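J.: whatever this is, show me its structure:
(4 chains)
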There are 2 protein chains.
Amino acid sequence: MQRPFLHPAMEDVTLESVLYALADPARLAIVQKLASEGCGMNCSSAAPAAMPKSTQSHHFQILREAGLIRSERRGTEVVNALRCVEVEKRFPGVVSAILKASEKAKKR
Amino acid sequence: MQRPFLHPAMEDVTLESVLYALADPARLAIVQKLASEGCGMNCSSAAPAAMPKSTQSHHFQILREAGLIRSERRGTEVVNALRCVEVEKRFPGVVSAILKASEKAKKR
DNA sequence: TCCGGTTGTTCAATATTATTGAACTATTGA
DNA sequence: TCAATAGTTCAATAATATTGAACAACCGGA
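T.: Okay, here's the model as predicted:
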């Protein structure tokens, strides 16, 4: 049996861990993709193309432990979804402003 | 002669560099302090107590290069100030939301 | 039920970054 | 000119990140 995913309670999530998670370009891109799709996605689809699987796995773990995503095993794959509402309630405006800015930046 | 400080034009500042700069606890604390004072502060005052000078210097450089602060030599010291208005215009809501959240977090 | 394909994890080696002591520069005030 | 103050630079070391390789779990089909 594989280790189950651990999701921190939102009250235990720190601003620092959230910023740390989002400060990495690859992870920001993952979060952006998850936000743009609106629904859950598996790791390979959400991660930037050509990223090694072990690196993907690592980044998703960081995002999970930062409280930004929720991951669930579905057969061979893992479905990841943003914890938008919860995060927004805990740190109002933070992630939404970052996503908005990053969307705008992409279009430049 | 010492190298002059280089401040990026705000249009060249990237969201990633801003997030990277703010993701470090020491740097976030510096930015918080600068924000709370409202006016410029020298490095030693704005940095967390007991931080080695070489480390301070490094962190201020990161903040400067990320476009978050402006530094100016005044005699033997360097006066640092947030580039609030400019940053807010470039990435609306981002830094302000982070500072608000970090203020709240401190009070817990 | 066994096998091959798919998806992701883990571990350990390597590569990249961060931290810091020590030596140094620049400025000021006595 | 000298000592004190404030910060910078550099190089060594410490801490993190990345990734290949081996592995585990699950699925669908023969």
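
J.: got phi/psi on A:Glu77?
T.: phi -110, psi 170 (degrees, to the nearest 10).

J.: what is the burial count for it?
T.: By other Cβ atoms under 10 Å in any protein chain shown, the residues close to A:Glu77 number 14. C-beta coordinates here come from the backbone N, C-alpha and C atoms, glycine included.

J.: mind checking how far the nearest residue to it once chain neighbours are set aside is from A:Leu63?
T.: Counting by Cβ to Cβ, 6 or more residues apart in numbering or on different chains, A:Asn42 is the residue found nearest to A:Glu77 once chain neighbours are left out, at 4.1 Å. To A:Leu63, A:Asn42 is 14 Å away according to Cβ to Cβ, to the nearest Å.

J.: who has more neighbours out of the two?
T.: The residue with more neighbours, out of A:Asn42 and A:Leu63, is A:Leu63; 27 against 16, by other Cβ under 10 Å.

J.: quick one on the thing from earlier: confidence score at the residue nearest to A:Glu77?
T.: pLDDT, A:Asn42: 98.

J.: show me which residues of chain A sit near DNA strand C.
T.: Taking Cβ under 7 Å from any atom of the strand as the contact definition, chain A meets DNA strand C at A:2-3, A:42-44, A:53-54, A:56-58, A:60-61, A:71, A:76-78.

J.: selecting buried members of those in ChimeraX, what would you type?
T.: In ChimeraX, this line selects whichever of these come out buried by 16 or more other Cβ atoms under 10 Å in any protein chain shown:
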select /A:42,43,56,60,71,78
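
J.: if we can go back for a sec, overlap in contacts, A:Asn42 and A:Leu63.
T.: Counting by Cβ atoms under 8 Å, 6 or more residues apart in numbering or on different chains, the shared contacts of A:Asn42 and A:Leu63 are A:Asn80.

J.: next one: the residue in chain A that DNA strand D sits nearest to from A:Glu77, what distance?
T.: At 2.9 Å from DNA strand D, A:Ser54 is the closest residue in chain A, using Cβ to the nearest atom of the strand. Using Cβ to Cβ, A:Ser54 is found at 16 Å from A:Glu77.
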